[in-house]
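Student: What would the 3D arrangement of this be:
(chains A, B, C and D)
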There are 2 protein chains.
Amino acid sequence: MTRRSDCPISNTLDYVGDKWSLLILRDLMFFNKNSYSELQNSDERMATNILSKRLETLELDGLINKRTDSVDKRKKVYSLTKKGKDMLPILLEMVVWCSKYDKTVDAPKEVIRRYKTDREALIKDLQKNIKS
Amino acid sequence: MTRRSDCPISNTLDYVGDKWSLLILRDLMFFNKNSYSELQNSDERMATNILSKRLETLELDGLINKRTDSVDKRKKVYSLTKKGKDMLPILLEMVVWCSKYDKTVDAPKEVIRRYKTDREALIKDLQKNIKS
DNA sequence: AAATTTAACTTGTTATTTGCAAGTTAAATT
DNA sequence: AATTTAACTTGCAAATAACAAGTTAAATTT
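Tutor: Okay, the predicted model is just below:
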């Protein structure tokens, strides 16, 4: 999307302010998914053409990398760049907000607990565990 | 929007995962705007019918309140609920992320500085300053 | 008190984006 | 050689957003 203003929030939304991009980042971040088919099979069931387009723009925007698997040449491996991994705090805050206001949601309790005591360390830990 | 899954991130996006909602919250949060015309005149220039619809759903979702101004009856006053104010950390993380990766953006330096030293206090301060 | 302005919308209409179903291609497996 | 799998693409319908213009009720000006 074209830049709407000089506001950092607006600008961030120009990157990921659509219905799907942050869910792709979530899957790469928290569920260690890395292939097209894994991404397609998440609970929200994104349409294949939309997934394809989003992956393309996320790559163009430098949030993810795409490479071909060295053993299975059909397979493409998607991974987060540093820029992409650095969106983790945004997603974490969404988890925290939602688990406060919607108790029916599947929030990981251990994450919520650690968030309250040592947020910084939690973020580093979570980022460390992301597959490159 | 209808709930896509039980994921807290997906669910948060079902509230505010469109192009405009978070910008409305931003204006109410950081710029102390409270009227329709003020919201309409932000840099991104949202179309009036879209603004109208978004305000309606944000109110239905319990993120904002709408009341009639006591002196000028034409005027509607929009304000954030606690639930809405609690989205501030999400927006703050967007400011932090974007100012790290796009130096051409108008990020408030004092906020970025305070974020690094005392995030907690900064959030409370910013929330305290929001007009009810 | 009538005419004008203002705030907050609504109503068409067009353009863009999303969603669904089916089809394609190249590589791997049977 | 035939089938399956992974990662897409294509075409079309439905939903959403964008643009321009019009409406309504209250306030202000003349």
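
Student: so the closest residue to A:Asp86 other than its chain neighbours is in which element?
Tutor: Residue nearest to A:Asp86 in three dimensions, not counting chain neighbours: B:Trp97, with 5.8 Å by CB to CB, 6 or more residues apart in numbering or on different chains. Where you see a C-beta, it was placed from the backbone N, CA and C, and this is true even at glycine. According to DSSP states H and E, B:Trp97 maps onto helix B:88-101.

Student: Buried residues in that helix, which are they?
Tutor: Buried residues in helix B:88-101, defined by neighbour count with 16 or more other CB atoms under 10 Å in any protein chain shown: B:88-99, B:101.

Student: looking at the sheet around A:Asn65, what are its partners?
Tutor: A:Ser79 (DSSP bridges).

Student: picking that back up, so the helix holding B:Trp97 versus helix A:88-101, what angle?
Tutor: 170 degrees (axes from the mean of the first three to the mean of the last three CA atoms, to 10 degrees).

Student: thinking again about what came up before, can you tell me which of the buried residues of helix B:88-101 is closest to B:Tyr115?
Tutor: Among the buried residues of helix B:88-101, B:Val96 lies closest to B:Tyr115 (CB to CB), at 5.9 Å.

Student: shaky segments in chain A?
Tutor: By pLDDT under 70, chain A has no low-scoring segment.

Student: longest helix of it?
Tutor: In chain A, taking DSSP state H as the definition, the longest helix is helix A:109-128.

Student: now that one and helix B:109-128, what's the angle there?
Tutor: 170 degrees.

Student: Could you list the buried residues of helix A:109-128?
Tutor: Applying 16+ other CB under 10 Å to helix A:109-128 flags A:111-112, A:114-115, A:119, A:122-123, A:126 as buried.

Student: Including distance to A:Leu63, could these go into a markdown table?
Tutor: Formatted as a markdown table, the buried residues of helix A:109-128 follow (distance: CB to CB, whole Å):
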| residue | distance to A:Leu63 |
| --- | --- |
| A:Val111 | 22 |
| A:Ile112 | 26 |
| A:Arg114 | 25 |
| A:Tyr115 | 23 |
| A:Arg119 | 23 |
| A:Leu122 | 21 |
| A:Ile123 | 17 |
| A:Leu126 | 17 |
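
Student: Need the max-distance pair from these.
Tutor: A:Ile112 and A:Ile123 (13.6 Å).
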